[in-house]
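In: sharing a model that was predicted from the sequence below.
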Amino acid sequence: MKAAVIVFPGSNCDRDLAEGFRQEGFDVSMVWHKDTSLPQGMDVIGIPGGFSFGDYLRCGAIAAQSPICRAVVDYAHKGGHVLGFCNGFQVLCETGLLPGVLMRNAGLKFVCRQQVLRVETADSPFTNAYSKGDEVTVPIAHHDGNFSADADLVARLRGEDRVAFSYVGNPNGSTGDIAGILSENRRVLGMMPHPERACEPAHGGTDGQGVFKSLAGILALA
Amino acid sequence: MKARVHIMLKNGVLDPQGEAIRHALGTLGFSGVNGVRQGKVIELELADGTTEATVKEMCEKLLANTVIESYTIEMS
């Protein structure tokens, strides 16, 4: 199994993300933002957390227009698996691969703490190792994680079972307590929390491993 | 030639930064500030002959997130 992790200037969770993949047996390639194509034969692309391009203009906006992101969008349109955590989620929204916008936290403060999430669906390549309704604890660390969507979009996401995770105790004002969502074909996941920072006991918990285990499970079957 | 692009959150989109500014003004004793909206201004220095349509394309593709933001363009 092969994974690529995209690295932008200002990414700071790229190596944690790579480690999360490696723990489940993936070979990981780190791919620089100026590259124009992805390595051949990738099973999943990861967009890491951090502060790509210093969060200038809008979080994720400049990264979303980088050469490699055009390749990532093509890859997703062809049915490839893509996940983005934190800044990665912001980038995916800015590319249009996921709907909605991440706005400034309602409390205006950077929030950095352990957060309880509820698994809203186990029917996805990223959540099948969990059960619907499971409560898991993973870190959050963001200033602009307030998922904003109009009532129509929220109804569509819920109706199509595309809310992957929700917050138990909303930390940032996100509409409908939504913490992470899936694309229409369920092969793109974006979420503000950091599963890659909850992958070994030294992290303080291993609840995040399920995302990587889920992927490894379906790819092993493929 | 220059273009100046004003970007604002659309009406109805909650602006927590604007709200914080409103509270701070109240704290300073300025009463009667009923609302504050914060936006941004981007000035572009452009090659002669650049059209407003091109600047509009820049706004749509990068400068504004049209899901939540509106923009106006001043060419000069």
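Out: Received the coordinates, thanks. Numbering: from 1, shown residues only, chains lettered A, B, ... in the order given.

In: up against chain B, what does chain A have?
Out: A:57-58, A:61-62, A:65, A:94, A:100-101, A:103-108, A:146, A:148, A:173 (CB under 8 Å from any CB of the partner chain). Placement of C-beta: from N, CA and C, glycine included.

In: cutoff 7 Å now
Out: A:58, A:61, A:65, A:101, A:104, A:106, A:108, A:148 (CB under 7 Å from any CB of the partner chain).

In: buried among those residues? Need that as a selection in ChimeraX.
Out: The following ChimeraX line selects those of the residues of chain A next to chain B that are buried, judged by 16 or more other CB atoms under 10 Å in any protein chain shown:
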select /A:58,61,65,101,104,106,148
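
In: would you turn the residues of chain A next to chain B into CSV with secondary structure and pLDDT?
Out: Below are those laid out as CSV (DSSP: H, G, I helix; E, B strand; the rest coil; pLDDT from 0 to 100):
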residue, secondary structure, pLDDT
A:R58, coil, 96
A:A61, helix, 97
A:Q65, coil, 95
A:V101, strand, 96
A:R104, coil, 93
A:A106, coil, 90
A:L108, coil, 89
A:S148, strand, 94
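
In: and the contacts of stretch B:68-76?
Out: Applying CB atoms under 7 Å, 6 or more residues apart in numbering or on different chains, the contact partners of stretch B:68-76 are A:101, A:148, B:1-10, B:13, B:52, B:55-56, B:59, B:63-64.

In: just the buried ones from these?
Out: Here, 16+ other CB under 10 Å leaves A:101, A:148, B:3, B:5, B:7-9, B:13, B:55, B:59, B:63-64 buried among these.

In: what is the nearest of those to A:P48?
Out: A:V101 (19.9 Å; CB to CB).

In: can you list contacts of the lowest-mean-pLDDT helix or strand in chain B?
Out: Scoring the helices and strands of chain B by mean pLDDT, DSSP states H and E places helix B:16-27 at the bottom, with a mean of 92. If you take CB under 7 Å, 6+ apart as the criterion, helix B:16-27 is touched by A:104, A:106, A:108, B:33, B:35-38.

In: just the buried residues of that helix, please?
Out: Buried, per 16+ other CB under 10 Å, within helix B:16-27: B:16, B:18-19, B:22.

In: got it, and stretch A:29-44?
Out: Neighbour count says stretch A:29-44 has A:31, A:33, A:38, A:42-44 buried, by 16+ other CB under 10 Å.
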